[in-house]
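Student: Generate coordinates for the sequence data below:
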Amino acid sequence: MAKYVVNRAAVERVTQLIDARQYVLDSDWGEVQPDAAAQNAYLERHTWEEYAAWHLGLTEGASDGTKARYAFVVGDLRRVHRTALIACVYRASEWRHKEVELAAHDLLQHLDRVSG
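Tutor: Okay, here's the model as predicted:
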């Protein structure tokens, strides 16, 4: 099983997006999460660093600048989705990636406080 470390830059960026009210509170994450085509289109216009900022997990052993490096996406590459954070908490918890789980949980709590 892959191991992940928390992407601190993503935690900081997601916090900034939440504070700037760049979020969606109610969505069907299965329908709106970025698929491979959306990710590729994003990477045509943005840097790997910008792409990484949408992912709470960094895959240990995977090279920077590859999709395999980044896990636990938290938005549609435009806005943070509350349902994405919930999915991250669930997936990380299910596979016992405790640091990622707690980072996603903390961001979810922050979003809920900000959004009232």
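Student: residue boundaries of the strands in this structure?
Tutor: Counting by DSSP state E, the chain has strands at residues 4-6, 23-24, 55-59, 70-73, 80-81.
Student: I'd like to know which of the ones you listed is closest to His105.
Tutor: Minimum separation from His105 across the strands of the chain (Cβ to Cβ) falls at strand 55-59, 10.6 Å. Yep, even glycine has a C-beta here, placed from its N, CA and C like the rest.
Student: Of all the strands of the chain, which one is nearest Tyr90?
Tutor: Comparing the strands of the chain under Cβ to Cβ, the one sitting nearest is strand 70-73, at 10.6 Å.
Student: Let's test this: mean pLDDT of the closest one, rounded?
Tutor: For strand 70-73, mean pLDDT rounds to 98.
Student: could I have it exported to CSV, CA atoms only?
Tutor: C-alpha atoms of strand 70-73 as CSV (Å, rounded to 0.1, in the frame of the first residue of the first chain):
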residue,chain,number,x,y,z
TYR,A,70,-0.2,13.7,-5.7
ALA,A,71,-3.2,12.2,-3.9
PHE,A,72,-6.4,13.2,-2.0
VAL,A,73,-7.7,16.0,-4.3
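Student: what are the pairing partners of that strand, and which direction each?
Tutor: strand 55-59 (antiparallel) (DSSP bridges).
Student: can you list contacts of the partner strand?
Tutor: Here strand 55-59 makes contact (Cβ atoms under 8 Å, 6 or more residues apart in numbering) with 2-7, 10-11, 14, 52, 68-74, 88, 92, 97, 100, 103-104, 107.
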